[in-house]
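Visitor: let's see this in three dimensions:
(one chain, ligands or ions: 1)
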Amino acid sequence: MALGSGVKMAACGFRDRCNMFEGGRLSGFSGIALLFEARYCSGDPAKCVRNKLAEVRGFDSVPSDMYPNDVARARGLMDVAV
Ligand code: SF4
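Guide: Below is the predicted model:
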């Protein structure tokens, strides 16, 4: 099935714990927050480095100020390729 055909990926399992939006790094930046939310949280959480780090090291290891696309920082925090 082609991309953009209405297939929806599963939402992020860490959404209830993630502080990226409410009170977090992207609070107060509604336009950017919407883009991040659509791309990662409800789009493809597997591309979010916060999600990947949480899967590997546990959610408590995710820095509260790390962006979903901060690959360089995530690489420094875990041994697996991101
Ligand atoms: S920012 Fe990443 S870890 Fe947080 S809810 Fe979105 S996809 Fe999940």
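Visitor: right, and residue 51 touches residue 45 too?
Guide: Yes - between residue 51 and residue 45 there is a contact under CB atoms under 8 Å: 4.6 Å. Glycine gets a C-beta too; all of them are placed from N, C-alpha and C.
Visitor: which neighbours do the two have in common?
Guide: Here residue 51 and residue 45 have 12, 13, 14 as joint contacts, going by CB atoms under 8 Å, 6 or more residues apart in numbering.
Visitor: got the residues of this protein near the ligand?
Guide: Within the chain, the positions adjacent to the ligand are 12, 14, 15, 18, 20, 40, 41, 45, 48, 50, 51, 68 by CB under 6 Å from any ligand atom.
Visitor: quick check: nearest residue in space to the last one, chain neighbours excluded?
Guide: Meaning residue 68. Of all residues not flanking residue 68 in the chain, residue 48 sits nearest, at 4.1 Å (CB to CB, 6 or more residues apart in numbering).
Visitor: who touches the one you found in this structure?
Guide: With CB under 8 Å, 6+ apart, residue 48 has these contacts: 12, 40, 41, 68, 69.
Visitor: for PyMOL, what selects the buried ones among those?
Guide: A single PyMOL command selects the buried members of the contacts of residue 48 (16 or more other CB atoms under 10 Å):
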select buried, resi 12+40+41+68
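Visitor: between the contacts of residue 48, which is closest to residue 59?
Guide: residue 12 (10.8 Å; CB to CB).
Visitor: what about the closest residue to the closest one other than its chain neighbours, distance to residue 28?
Guide: Residue nearest to residue 12 in three dimensions, not counting chain neighbours: residue 45, with 3.7 Å by CB to CB, 6+ apart. For residue 45, the distance to residue 28 equals 23 Å [CB to CB, to the nearest Å].
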